[in-house]
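Chemist: Let me see the structure of the following:
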Amino acid sequence: MTVGNDTTEEPKRPGRLFVVSGPSGVGKDTVLDHFLPTISDVLLNVSATTRTPRPGESEGKPYFFRTVTEFRDMVERDEFLEYAKVNGNLYGTPKAWVDEKCRAGIDVILKIDVQGGLAVRTKIRDAVLIFLMPPSVGELERRLRARSTESEDEITTRLLDARSELQQIPNYDYAVTNDNVAEASDRIRAIFLAERCRTHPEWHGERPSVTWGGF
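Modeler: Below you'll find the predicted structure:
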């Protein structure tokens with residue numbers, strides 16, 4: 001940066017942690033796949049898991065593979081921002097990996113469920129929470145049925161979960177409606193660019209209980 005006749009190097013911006021949550025079927029993977037090539041210095045989080053590596057997978061691609069004992073030891077040492085059991089396997093977000101990337105000026109995206117996102121906020125108060133929401137519950141149901149991967153009971157359960165998750169929108173910093181993938185991607189990009197210009201990351205305290213209308 002040049003000021004008058006003085007040339008000084010602009011200090012490196014530290015990275016931030018961005019959480020992207022939303023109901024199953026809302027299109028998180030599709031929107032993020034569209035968004036990532038449009039911006040620099042952003043990575044999707046690499047989680048640790050106890051599941052067995054599949055053909056073509058290796059350490060760090062797409063997971064850090066750990067035994068159950070190793071994973072539990074990491075839990076005991078408080079090395080995760082959040083962790084959960086999914087389909088019989090443990091998954092967690094390693095603090096050290098996120099910290100390393102943020103120190104290098106890389107923004108990290110953590111794509112997790114709503115409860116996981118709120119848990120992260122308790123440990124990283126300046127994390128940016130983005131809620132990806134459907135245009136309506138009816139449209140979400142249509143998308144779930146179009147996937148043809150869930151039974152009728154599973155669809156019913158996911159829709160009930162979605163209604164509960166949507167009530168947590170006021171506890172997130174941003175709500176982005178995925179009515180069009182490209183437009184939703186553009187909105188998320190705008191959020192990232194705005195947060196990078198923030199002089200002081202927002203420090204979040206307790207938020208009032210609010211009922212989110214429309215769902």
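
Chemist: Got the confidence number for the spatially closest residue to Leu118 that is not a sequence neighbour?
Modeler: Excluding the flanking residues, the one nearest Leu118 by Cβ to Cβ, 6 or more residues apart in numbering is Asn171, at 6.1 Å. For every residue, glycine as well, the C-beta is placed using N, CA and C. pLDDT recorded at Asn171 is 96.

Chemist: Asn171 against Gln115, yeah?
Modeler: No - in this structure, Asn171 is not within contact of Gln115 by Cβ atoms under 8 Å, at 10.6 Å.

Chemist: In contact with Phe64: list those residues for me.
Modeler: Contact analysis of Phe64 by Cβ atoms under 8 Å, 6 or more residues apart in numbering lists 46-49, 94, 97.

Chemist: any idea whether it is helix, strand or coil?
Modeler: Under DSSP: H, G, I helix; E, B strand; the rest coil, Phe64 falls in the strand class.

Chemist: If it is in a bridge, with which residues?
Modeler: On the basis of DSSP bridges, Phe64 is bridged to Ala48.

Chemist: just checking, what's the longest helix in the protein?
Modeler: Identified as the longest helix of the chain according to DSSP state H is helix 181-197.

Chemist: Need the residues that contact that helix.
Modeler: So helix 181-197 is contacted by 13, 16, 18, 20, 27, 30-32, 34-35, 38-39, 42, 107, 128, 130, 132, 174, 176-178, 201 (Cβ under 8 Å, 6+ apart).

Chemist: Whichever of those residues end up buried, select them in PyMOL.
Modeler: Only the buried members of the contacts of helix 181-197 end up in this PyMOL selection, burial being decided by 16 or more other Cβ atoms under 10 Å:
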select buried, resi 16+18+20+27+31+32+34+35+42+107+128+130+132+174+176+177+178
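
Chemist: got the residue ranges for the strands in this structure?
Modeler: Along the chain, counting by DSSP state E, strands occupy 2-3, 6-7, 17-21, 42-44, 47-49, 58-59, 62-65, 80-86, 89-94, 107-111, 128-133, 174-177.

Chemist: Below-threshold pLDDT in the chain: ranges please.
Modeler: Along the chain, segments meeting pLDDT under 70 span 1-11, 201-215.

Chemist: again, 90 this time
Modeler: Residues of the chain meeting the criterion pLDDT under 90: 1-13, 54, 61-62, 85-88, 113, 115-116, 123, 147-150, 198-215.

Chemist: quick one: contacts for Arg145?
Modeler: In this structure, Arg145 makes contact with Ile155, judged by Cβ under 8 Å, 6+ apart.

Chemist: Next one: it from Glu152, what distance?
Modeler: Per Cβ to Cβ, to the nearest Å, Arg145 is found 9 Å from Glu152.

Chemist: Also Glu141?
Modeler: Per Cβ to Cβ, Glu141 is found 11 Å from Glu152.

Chemist: So these two - more neighbours on which side?
Modeler: Legend: neighbour count by other Cβ atoms under 10 Å for Glu141 and Glu152, higher for Glu141 (17 against 8).

Chemist: Surely the more buried one and Arg163 touch.
Modeler: No - with contact defined as Cβ under 8 Å, Glu141 does not reach Arg163; the gap is 11.1 Å.

Chemist: coming back round to it: JSON lines for the strands of the chain, including distance to Gln167?
Modeler: Compiled in JSON lines, the strands of the chain are given as follows (distance: least, Cβ to Cβ, whole Å):
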{"stretch": "strand 2-3", "distance to Gln167": "49"}
{"stretch": "strand 6-7", "distance to Gln167": "52"}
{"stretch": "strand 17-21", "distance to Gln167": "13"}
{"stretch": "strand 42-44", "distance to Gln167": "27"}
{"stretch": "strand 47-49", "distance to Gln167": "26"}
{"stretch": "strand 58-59", "distance to Gln167": "39"}
{"stretch": "strand 62-65", "distance to Gln167": "31"}
{"stretch": "strand 80-86", "distance to Gln167": "20"}
{"stretch": "strand 89-94", "distance to Gln167": "24"}
{"stretch": "strand 107-111", "distance to Gln167": "20"}
{"stretch": "strand 128-133", "distance to Gln167": "11"}
{"stretch": "strand 174-177", "distance to Gln167": "12"}
